[in-house]
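Q: Just the structure for this:
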Amino acid sequence: MQRASNPRASLCLMHKTLRAGFGAILVALLLTGALGCETIKKAYTRPALPDLGPPIPLSVLLALDPSVAKAQALYTDECGHPGIPLRIGPDLEDALVEAAQQTFKAVSIEGEGPSDFKPDVTVRLRLLQPVLTINPDVQYDRAPSELRLDGVAEFRDSSGKLLDERPLQVTRKERLHVELTQQRCAYVIDPFAQDTVVTFAAKFMHEARALLAPDTLTAAAGQTPSSQTDQPSAKGPAALSFKATILDENNNLVLESGERVKVRVDLANSGGGPVQGVSVNLTGTPLLVSQFPSTTLPVGTLQPGESRSVEFSATLPQAVPAQRGELVVTITEASGASIPAAQTLVAAMRPEVGAAGRSAAGRYDDVDRVPAASPGFQRPKTHLLTVGISSYRDQEIPVRKFATLDAEMVAAYFQSLGGVPPANIRLLQDQKALRPDIEEALLDWLPPRVTAESIVIVYFAGQAMVAPTGETYLVPYEGRWNSASRLYPLKDLQAALSRLKSQLTLLIFDGSVSTIGGDARSRNKAPQWDMGGGSVVRLIGTTGLRNGLESEKLRHGLFTYYLLRGLKGEADTNHDGAVTLGELTAFLGQAVPAAARSDFRQEQHPQILPSLNPASKLASLTLTKPAAVAGTDGR
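A: Numbers count the residues shown, from 1 in each chain. So this is what the prediction gives:
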């Protein structure tokens, strides 16, 4: 493929990099080790266009109407400010040029190429005014949105005769998040716009091939493909693409001791058919991969033009050696579509060093060093839903600083010491812990997996609120401090758990309990944690209306810190190598109040509801086994 000299192309990298900001430039340099301009450019390119086969043996003059370069859509942001521009023209120009280069053997841009260029076909692209509609959801913080691009591709032969006009219409729908800034006005909209631009360019590729493919046009003879002009464009195959990004807690792209790490994977189907049974898999450096509670995330079916994102989350151990780390992201699917090549993310690993030059491994939060897996101890019938919400959309709700980390560590411990398979773990954090997300896990994900022999564990770190009646609510990410309608009734949660009919369902809560809107009438009402529910056992980190303590030194909620220590083996009072539910509750009942009084000079008393008979079958149920003494157990 050839393209005439293009000033816009020579400035492409500079333009995109400056738009990304200085911080992004630094990140790109760290990622690539300053390996060159093309490497940095690759980090900021939009999702890949589909590979539809070898180029058509035609030369093309591409004429982009000014309506393409000036394309923008106006919308109203979350704070009600109208007329906010979403400028997509430059990205749309680049995508259409790239689409033409993939479709034809030679491409020249009108006004930029040599004057003696003799094209077989001239393609002129025009665009109508893009339309972006955002409808703020009154209940949830994912605003239903729709971006529509309408255009026309006009094809003429070498003599100027019109071959055909093909409409190009793309409509994409998405739910947009609000940026976590102080004002919380702006939507996270750029990935959505990029996906729409790529889908529009892919539509152009399909229409061009349907009209000008070699078997329908003999370019040398100048014949018009009349047999094709009245036929609909080909549906085309599925075209799956993805982009993997590593995100670390302090954004320096160096993976340090005790740091939280995420791998975000953005997938898109730019083709004409659905892609079914899609899953994302994570492999790589064993020390890194072993910290992720789940290394396979299901995506499901991606319809034509649809995109979706998933995230792997982990917390690194406190003893991280200085070495090179790799995370390899691969895609599997069941529909027969072409599978994109694996992507490898490379980052340096090193111990974190504080301001005083002291390694972070010396900090007191030793529970963040996830124990080794217990060989031979597997629980394929145990399922874990763990939810951690540190900050909320409603800024009136106090921050629970370590809730997201608590949820990650609980998942890691039950996978490592509890033998729970990664596929049996669902982790929801912050913006991904909306009420619909929690309900989907309880009502759709769990029921088909649970049998009468199953164990179900639901862990929630965050906030709970009490109404004047004493009714208790969990606070999802979009909850409001003064509105019960935006909260999640505990009775609904327990009803969903009771319907599972499992051998045991364990509900664990660590957080703060307050009144809805600070209502004084609720202050003398005890939270109604025990509402019946058959085999549902509730392990609550505090009693009454009280803030569950958090510790900067421990970097955890106090209750969860001792929960992890107990699961790690400290609760094994009979030293038989197994931590049972009875041993764990007894350990927490002693350790948490003592630590609250000695370290905080406050009171915090965990409670178990209903009370557990030490001689009962439930009390003897094994939750974890330390690796050194783990035996075989297949429950």
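Q: So Arg148 versus Gln169, what's the distance?
A: The spacing between Arg148 and Gln169, counted by C-beta to C-beta, to the nearest Å, is 8 Å. Placement of C-beta: from N, CA and C, glycine included.
Q: now do Leu384
A: On the measure of C-beta to C-beta, Leu384 and Gln169 end up 45 Å apart.
Q: Between these two, tell me which one has more neighbours.
A: More neighbours surround Leu384 than the other of Leu384 and Gln169, with 24 against 12 (other C-beta atoms under 10 Å).
Q: Just give me how far the helix or strand hosting that one sits from the chain centre.
A: Taking DSSP states H and E as the definition, Leu384 sits inside strand 382-388. Relative to the centre of its chain, strand 382-388 is centred 17 Å away, using C-alpha atoms, centre = their mean, to the nearest Å.
Q: Any buried residues in the helix or strand following that strand, and which?
A: Downstream of strand 382-388, the next assigned helix or strand under DSSP H and E is helix 403-416. Residues of helix 403-416 classed as buried: 403-416 (neighbour count, 16 or more other C-beta atoms under 10 Å).
Q: Can you show me the helices along the stretch 1-150 of the chain?
A: Ranges of helices in the stretch 1-150 of the chain, per DSSP state H, counting those that start in this stretch, are 7-10, 12-20, 22-32, 37-44, 66-69, 89-103.
Q: cool, the chain as well?
A: 7-10, 12-20, 22-32, 37-44, 66-69, 89-103, 190-212, 226-229, 286-289, 403-416, 435-440, 490-498, 558-565, 581-595 (DSSP state H).
Q: May I see the buried residues of helix 403-416 organised as a markdown table, with distance to Asn613 and pLDDT added?
A: Shown next, in a markdown table, are those (distance: C-beta to C-beta, whole Å; pLDDT from 0 to 100):
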| residue | distance to Asn613 | pLDDT |
| --- | --- | --- |
| Ala403 | 32 | 93 |
| Thr404 | 35 | 92 |
| Leu405 | 34 | 91 |
| Asp406 | 29 | 94 |
| Ala407 | 30 | 94 |
| Glu408 | 33 | 92 |
| Met409 | 29 | 92 |
| Val410 | 25 | 95 |
| Ala411 | 29 | 93 |
| Ala412 | 31 | 91 |
| Tyr413 | 26 | 93 |
| Phe414 | 24 | 94 |
| Gln415 | 29 | 91 |
| Ser416 | 29 | 90 |
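Q: how about JSON lines for the residues you listed, with distance to Lys173 added?
A: Shown next, in JSON lines, are those (distance: C-beta to C-beta, whole Å):
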{"residue": "Ala403", "distance to Lys173": "31"}
{"residue": "Thr404", "distance to Lys173": "29"}
{"residue": "Leu405", "distance to Lys173": "34"}
{"residue": "Asp406", "distance to Lys173": "34"}
{"residue": "Ala407", "distance to Lys173": "30"}
{"residue": "Glu408", "distance to Lys173": "31"}
{"residue": "Met409", "distance to Lys173": "36"}
{"residue": "Val410", "distance to Lys173": "35"}
{"residue": "Ala411", "distance to Lys173": "31"}
{"residue": "Ala412", "distance to Lys173": "35"}
{"residue": "Tyr413", "distance to Lys173": "39"}
{"residue": "Phe414", "distance to Lys173": "36"}
{"residue": "Gln415", "distance to Lys173": "35"}
{"residue": "Ser416", "distance to Lys173": "39"}
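Q: of the residues you listed, closest to Leu623?
A: Closest approach between the buried residues of helix 403-416 and Leu623, by C-beta to C-beta: Phe414, at 7.9 Å.
Q: okay, now the domains of this structure?
A: Listed by automatic domain parsing, the domain ranges of the chain are 46-229, 240-360, 378-626.
Q: Quick check, pLDDT for Asn135.
A: For Asn135, the pLDDT comes out at 82.
Q: Setting aside sequence neighbours, what's the nearest residue to it?
A: Pro144 (5.0 Å; C-beta to C-beta, 6 or more residues apart in numbering).
Q: Quick one: the strands in the stretch 251-400 of the chain, in order.
A: 254-256, 260-269, 275-284, 296-302, 307-315, 323-332, 343-350, 382-388 (DSSP state E, counting those that start in this stretch).
Q: Could I get the buried residue list for the second one?
A: Within strand 260-269, the residues that qualify as buried by neighbour count (16+ other C-beta under 10 Å) are 260-263, 265-269.
Q: Between all of these, which two are separated the most?
A: It's Arg260 and Asn269 that sit farthest apart of those, by C-beta to C-beta, at 30.3 Å.
Q: residue contacts, the nearest residue to Pro606 once chain neighbours are set aside?
A: Excluding the flanking residues, the one nearest Pro606 by C-beta to C-beta, 6+ apart is Leu588, at 4.8 Å. Residues in contact with Leu588 (C-beta atoms under 8 Å, 6 or more residues apart in numbering) are 539, 559, 562-563, 566, 571, 606.
Q: Poorly predicted segments of the stretch 501-635 of the chain, please.
A: 520-524, 531-534, 627-635 (pLDDT under 70).
Q: what do you get for the stretch 201-350 of the chain?
A: Short version for the stretch 201-350 of the chain, where the test is pLDDT under 70: 214-238, 249-253, 272, 318, 335-338.
Q: mean pLDDT lowest for which of the helices of the stretch 1-150 of the chain?
A: Taking the mean pLDDT of the helices of the stretch 1-150 of the chain, helix 37-44 comes last: a mean of 34.
Q: Buried residues, stretch 160-178. List them.
A: Buried, per 16+ other C-beta under 10 Å, within stretch 160-178: 163-164, 166, 168, 170, 172, 174-178.
Q: what bridges to the residue nearest to Asn135?
A: Taking DSSP bridges as the rule, Pro144 bridges to Arg175.
Q: quick one: Pro489 and Thr469 touch, right?
A: No. Using C-beta atoms under 8 Å, Pro489 is not in contact with Thr469, being 11.2 Å away.
Q: higher neighbour count, the two?
A: Using other C-beta under 10 Å as the criterion, Pro489 and Thr469 rank with Pro489 on top: 15 against 11.
Q: for the nearest residue to the more buried one once chain neighbours are set aside, what are its contacts?
A: Nearest residue to Pro489, sequence neighbours excluded (C-beta to C-beta, 6+ apart): Tyr473, at 5.5 Å. Contact partners of Tyr473, counting by C-beta under 8 Å, 6+ apart, are 464-467, 479, 484, 487-490, 516.
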